[in-house]
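Q: When you get a sec, could you give me coordinates for this:
(2 chains)
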Amino acid sequence: EAGVAQSPRYKIIEKRQSVAFWCNPISGHATLYWYQQILGQGPKLLIQFQNNGVVDDSQLPKDRFSAERLKGVDSTLKIQPAKLEDSAVYLCASSLAWTRGLLNREPGELFFGEGSRLTVL
Amino acid sequence: AQSVTQPDIHITVSEGASLELRCNYSYGATPYLFWYVQSPGQGLQLLLKYFSGDTLVQGIKGFEAEFKRSQSSFNLRKPSVHWSDAAEYFCAADPTQKSSGDKVTFGTGTRLAVRP
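A: You can find the predicted model right below:
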């Protein structure tokens, strides 16, 4: 079974430039997550999709970050313009977990890609 | 506020020694609990998870974890560490009931070094 694919693995840009990361989740996984992992910290959720709808984007800096999952499969995360503090590893994950209304959720294992390391100079 | 705490930033053990990594959570209701491992340059891989039932859960690579409700803890253990276990370990919690703002929360991680 193919895992979560991400590209590019590494990207170096100057501040104020733009960058885009791509993620292809495991086939059949309805839920897709983008996490930001700054060096020395745990992953922080940026945005969560269920199929092609946004479940949670409360921690996404919407003035510069955007993400989409148009057909409910692949996803793209964009940063424009980038700042120095955006230097981090961007992890994509997918899971079978789904939200059943507001009261109950089915938890699921998150399957992570290898990440895209961004350096902003 | 909901949180996951890993008090130990860095731990070094000798190969063959036992290991315990600490994790504490702060949630209104007991969340689903996970341990993930991250090797250098890699994504995170699930070691084990606790949803309900038996409070001692077994995972991959010889790891186990014990859920203790009274201590709000979910500590990871391994009886004999191998050099290949050197990595970063993350504890995570997922709320059992969805409400606005709830999401999977990761601890800050514990980096494990193994002495030969």
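Q: now the strands: where do they sit in the chain?
A: No chain was given, so I picked chain A. Per DSSP state E, chain A carries strands over the ranges A:5-7, A:10-13, A:19-24, A:31-37, A:44-50, A:53-56, A:65-68, A:75-79, A:88-95, A:98-100, A:104-106, A:111-112, A:116-120.
Q: that answer is for a different chain, and I need it for chain B
A: B:3-5, B:10-14, B:19-21, B:24-26, B:32-38, B:44-50, B:56-58, B:64-68, B:73-78, B:87-94, B:105-106, B:110-115.
Q: nearest to A:Pro81, of those?
A: strand B:105-106 (27.4 Å; C-beta to C-beta). All C-beta atoms are positioned from the backbone trio N, CA, C, and that covers glycine.
Q: And that closest one, what does it pack against?
A: strand B:3-5, strand B:87-94 (3 or more C-beta pairs under 8 Å, 6 or more residues apart in numbering or on different chains; DSSP states H and E).
Q: so how many other residues sit close to residue 4?
A: Assuming you mean chain A. 22 (other C-beta atoms under 10 Å in any protein chain shown).
Q: Actually, chain B is the one I wanted.
A: B:Val4 has 23 nearby residues by other C-beta under 10 Å.
Q: what's the answer for B:Leu56, then?
A: Based on other C-beta under 10 Å, the number of other residues close to B:Leu56 is 10.
Q: Relative to chain A, how far out is it?
A: 19 Å (C-beta to the nearest C-beta, to the nearest Å).
Q: about what we covered before: of all the strands of chain B, which one is nearest A:Leu46?
A: Of those, the one closest to A:Leu46 (C-beta to C-beta) turns out to be strand B:105-106, at 12.7 Å.
Q: Contacts for the closest one, please.
A: Contacts of strand B:105-106 with the rest of the structure, by C-beta atoms under 8 Å, 6 or more residues apart in numbering or on different chains, involve A:Gly42, A:Pro43, A:Lys44, B:Gln2, B:Ser3, B:Val4, B:Tyr36, B:Phe90, B:Cys91, B:Ala92, B:Ala93, B:Asp94.
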